[in-house]
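Peer 1: test case, fold it:
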Amino acid sequence: MKFTDLYRDRPLSEGVPDLAARYVEHKRKRFDERLSSTLSRGGLNDIVECCRRLIDLSSGPKTVAVVGCGPSPLTVKSLIEKGFDAVGIEPVHESLAAAREYLGDESRAQWGVAEAMPFPDESQRMVLMEGVLEHVDSPGKSLAEMFRVLVPGGVLFVRTTNRLRFSPFGRNGEYRVPFYNWFPRAVKESYVFQHLHYRPTLADYSPRPAVHWYSFADLCSLGRQAGFAQFYSPMDLLNLHRGSGQPGLGKRALDALRRNPWIRAANLTLIGGSIYMWKRR
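Peer 2: As a prediction, the model looks like this:
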């Protein structure tokens, strides 16, 4: 499609026509391949087990907010099946409609953005943000909102981009541009512009492409500004029998990763895209 055809009688800010609808269609096509394989590897089970090491889930309400649940919210469905009072939050209206259809219950998928969620203060015991923080308009406001809705002692789980991640083939998980996470900020912004206005395949048709890239230390800093008190990586919380996502990892090696500040820092620098933030009681 030519530029003149794309923007004839159309504000430039609206970008590629029907981008949100294309995104929902694309996500549905990839649903079985991506989400099902993630859950089958025990990803959600590991997240829940890590949270159990920080908060007692054996009593009291088991409220969980899944931020950015997407059009096929398997995580919400699986949490409900595990006995949690889970609700998905989705900002893209087309995705929200698909999510409600998937769950068969409108109350389990609600419209909202990370900066403003439809929950009372201190109402959630856990909040999950997988692949969301890199897409929000304001990371600071988003984490402050997570802090607001969590009960004292509650836990926020964030899985996001790692700007220091190295892949020999340049895979970055967001853009079909090798080594994108290492690009200068101005170059990244130019690719964001290209995706939204000319080439929507660059970031898999996302109407909210990734615009923020973090290190583990960046996430700790953002979390402290929002009020969170303590920060953990999966390797700090998972038991040995779960393998910490690393098959064959021995007790001595795991102890070194957890207790030696320099070794832990080196590991988190390379793979630190997941973090658990604990709200002080």
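Peer 1: the spatially most central residue of the chain pairs with what?
Peer 2: Centroid-nearest residue in the chain, with Cα atoms, centre = their mean: residue 130, separated by 2.0 Å. Beta-bridge pairing for residue 130 (DSSP bridges): residue 159.
Peer 1: mind listing what it touches?
Peer 2: Listed by Cβ atoms under 8 Å, 6 or more residues apart in numbering, the contact partners of residue 130 are 66, 68, 75, 157, 158, 159. Every C-beta, even on glycine, is put in place using the N, C-alpha and C of the backbone.
Peer 1: show me where this protein dips below the pLDDT cut-off.
Peer 2: Across the chain, the ranges flagged by pLDDT under 70 are 1-9, 30-42, 239-250.
Peer 1: which residues in it form helices?
Peer 2: In the chain, the helices defined using DSSP state H lie at 3-6, 19-31, 37-40, 43-52, 74-81, 93-103, 139-149, 185-197, 216-226, 234-237, 251-259, 261-271.
Peer 1: identify the residue spatially nearest to residue 189, adjacent ones excluded.
Peer 2: Nearest non-adjacent residue to residue 189, counting by Cβ to Cβ, 6 or more residues apart in numbering: residue 211, 7.9 Å away.
Peer 1: count of neighbours near that neighbour?
Peer 2: 17 (other Cβ atoms under 10 Å).
Peer 1: related to what we said a few turns ago, tell me the spacing between the residue nearest to the centre of the chain and residue 258.
Peer 2: From residue 130 across to residue 258, the span is 23 Å (Cβ to Cβ, to the nearest Å).
Peer 1: check residue 57 too.
Peer 2: 23 Å.
Peer 1: and if you look at residue 84?
Peer 2: In terms of Cβ to Cβ, residue 84 sits 28 Å off from residue 258.
Peer 1: equivalent analysis for residue 195, please.
Peer 2: Counting by Cβ to Cβ, the gap from residue 195 to residue 258 is 39 Å.
Peer 1: more neighbours: these two, which one.
Peer 2: Comparing residue 195 with residue 258 by other Cβ under 10 Å, the one with more neighbours is residue 195, at 25 against 15.
Peer 1: OK, contacts around the nearest residue to that one once chain neighbours are set aside?
Peer 2: Distance criterion Cβ to Cβ, 6+ apart; nearest residue to residue 195, sequence neighbours excluded, is residue 202 at 4.1 Å. For residue 202, the contact set (Cβ under 8 Å, 6+ apart) comprises 175, 176, 177, 191, 194, 195, 209.
Peer 1: could you dump these into a markdown table and include distance to residue 18?
Peer 2: Shown next, in a markdown table, are these (distance: Cβ to Cβ, whole Å):
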| residue | distance to residue 18 |
| --- | --- |
| 175 | 21 |
| 176 | 20 |
| 177 | 23 |
| 191 | 21 |
| 194 | 18 |
| 195 | 15 |
| 209 | 16 |
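Peer 1: which of the residues you listed ranks first by neighbour count?
Peer 2: Busiest of the contacts of residue 202 [other Cβ under 10 Å] is residue 195, holding 25 neighbours.
Peer 1: if we can go back for a sec, could you dump the helices of the chain to JSON lines with distance to residue 13?
Peer 2: Formatted as JSON lines, the helices of the chain follow (distance: least, Cβ to Cβ, whole Å):
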{"stretch": "helix 3-6", "distance to residue 13": "13"}
{"stretch": "helix 19-31", "distance to residue 13": "12"}
{"stretch": "helix 37-40", "distance to residue 13": "34"}
{"stretch": "helix 43-52", "distance to residue 13": "36"}
{"stretch": "helix 74-81", "distance to residue 13": "32"}
{"stretch": "helix 93-103", "distance to residue 13": "17"}
{"stretch": "helix 139-149", "distance to residue 13": "21"}
{"stretch": "helix 185-197", "distance to residue 13": "9"}
{"stretch": "helix 216-226", "distance to residue 13": "28"}
{"stretch": "helix 234-237", "distance to residue 13": "39"}
{"stretch": "helix 251-259", "distance to residue 13": "46"}
{"stretch": "helix 261-271", "distance to residue 13": "37"}
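Peer 1: of all those helices, which lies closest to residue 281?
Peer 2: Residue 281 lies closest to helix 139-149 among the helices of the chain, at 13.3 Å (Cβ to Cβ).
Peer 1: buried ones in that closest one?
Peer 2: Using 16 or more other Cβ atoms under 10 Å as the test for burial, helix 139-149 gives 139, 142, 143, 144, 145, 146, 147, 148, 149.
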